[in-house]
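Peer 1: need the 3D shape of this:
(one chain, ligands or ions: 1)
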Amino acid sequence: MASFPIVRPRRLRKNKLIRDMIAETNLTEKNLILPIFIKEGILEEEEIKSMPGVFRYPPNDKLIKFVESSYDNGIRNVILFGIPKYKDDIASSAYDKNGVIQTSVRLLKDTFGDKLIVITDECTDEYTSHGHCGIVKYNSKGEYFVDNDESLKIHAKIALSQAEAGADIIAPSSMMDGVVGAIRKALDENGYTDTLIMSYSVKYASTFYSPFRDAAYSKPAFGDRKSYQMDPRNAYEALKEAKLDIEEGADILMVKPAHTYLDVIRLVKDNFPDYPLAAYHVSGEYSMIKAAALNGWIDERTAVLEITTAIRRAGADLILTYYANDIAKWLKEGLPF
Ligand code: PBG
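Peer 2: A predicted model of the protein is given here:
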């Protein structure tokens, strides 16, 4: 007498040891990249209102202390965002040798050397008075536009100054056409052939960046970013963007946001499995969880580990997340699954 059912998927879920033995996805703190905001002109860290638990740090020993404590948690990768004192039309403080990012990179590299991967976000929005990711011009009707090819010159200049300061990886986030190629060329011509490029290849025009723009004072003064960041309705367009970045010399690709675009992560990974893929769990995705947790509506630890595991399961090798330190600590207690 054959019993029914013969195939019982529940056998593989019987107890924790079996579940751990066959788990497809793993998550470790080595997969995480911690974003850090660094603000010129302050002496103490200040908490960001729309991102409770996240701070802006001054480029001094306070920054070192924070990175040291993150390092002790097991964090080995950081990405830096600069908030300059001075803004103008051409983002000149973004390529200043003594700019906030250049100073911070030198400080971190002097302290940690090769033990820490220092990544620099490469964009103009925090450094321009207009808040756009490139050079703004006006057409004959008086309408503004972001001039792609003029912007490339500035992006190459910023990237080179970040490499000169000692950045291990440059992360262009402007979504200008050709930006990866322009940066690769500038780096190679100046002897930085070993500096990596992690491109924000697939970056959507998302409302989930709002807390970040609060944090970095980088909201566009007029217009929006829809003429350069991707339309949330499109998935396959991601393949075109990723392919171009690969041809232009990107080492690591990125999809952003992460939680809202798991399908796109899977699509990019399946089509370009030989390229490491990063996914950015962005500020708004952080703040939503934080707000619910502060209200006692969800269990923060379980929610964050479930979401981060989902981002890995979708195909991301690396995750940029403001929860990096918490995750590293929570992982020491084991996964909640
Ligand atoms: C551009 C940049 C942004 C983010 C990362 N790089 C802002 C934007 O495109 O408006 C957003 C990250 C986040 O929301 O956490 N420098």
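
Peer 1: for the stretch 151-300 of the chain, which segments are assigned as helices?
Peer 2: 179-189, 210-216, 237-248, 262-271, 283-294, 300-313 (DSSP state H, counting those that start in this stretch).

Peer 1: so is stretch 108-125 next to the ligand?
Peer 2: Yes: counting by Cβ under 6 Å from any ligand atom, the ligand is contacted by stretch 108-125 at Asp121, Cys123, Asp125. (Glycine included, C-beta is placed from N, CA and C.)

Peer 1: same list (those residues) but as JSON lines, adding secondary structure.
Peer 2: As requested, the residues of stretch 108-125 next to the ligand are exported to JSON lines (DSSP: H, G, I helix; E, B strand; the rest coil):
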{"residue": "Asp121", "secondary structure": "strand"}
{"residue": "Cys123", "secondary structure": "coil"}
{"residue": "Asp125", "secondary structure": "coil"}
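
Peer 1: dump the residues you listed to TSV, plus neighbour count and pLDDT.
Peer 2: Formatted as TSV, the residues of stretch 108-125 next to the ligand follow (neighbours: other Cβ atoms under 10 Å; pLDDT from 0 to 100):
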residue	neighbour count	pLDDT
Asp121	23	98
Cys123	27	98
Asp125	25	96
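
Peer 1: for Tyr236, state which of these is nearest.
Peer 2: Cys123 (25.3 Å; Cβ to Cβ).

Peer 1: the closest one is in contact with Val146, isn't it?
Peer 2: No: counting by Cβ atoms under 8 Å, Cys123 stays clear of Val146, with 12.0 Å between them.

Peer 1: common neighbours of the two, please.
Peer 2: Residues touching both Cys123 and Val146 by Cβ atoms under 8 Å, 6 or more residues apart in numbering: Cys133.

Peer 1: closest one to Glu29 among the helices of the stretch 151-300 of the chain?
Peer 2: When these are ranked by proximity to Glu29, the top entry is helix 300-313, at 10.7 Å, counting by Cβ to Cβ.

Peer 1: quick one: buried residues of the closest one?
Peer 2: Glu300, Arg301, Ala303, Val304, Leu305, Ile307, Thr308, Thr309, Ile311, Arg312 (16 or more other Cβ atoms under 10 Å).

Peer 1: stretch 330-337 now?
Peer 2: Buried, per 16+ other Cβ under 10 Å, within stretch 330-337: Trp330, Leu331, Leu335.

Peer 1: next one: that stretch to chain centre, how far?
Peer 2: 24 Å (Cα atoms, centre = their mean, to the nearest Å).

Peer 1: next: stretch 124-138.
Peer 2: 20 Å.

Peer 1: and the buried residues of stretch 330-337, which of them are in helices?
Peer 2: Under the assignment DSSP state H, the buried residues of stretch 330-337 contribute Trp330, Leu331 to helices.

Peer 1: out of the buried residues of stretch 330-337, which comes closest to Ser201?
Peer 2: Distances from Ser201 to the buried residues of stretch 330-337, taken by Cβ to Cβ, are shortest for Leu331, at 27.9 Å.
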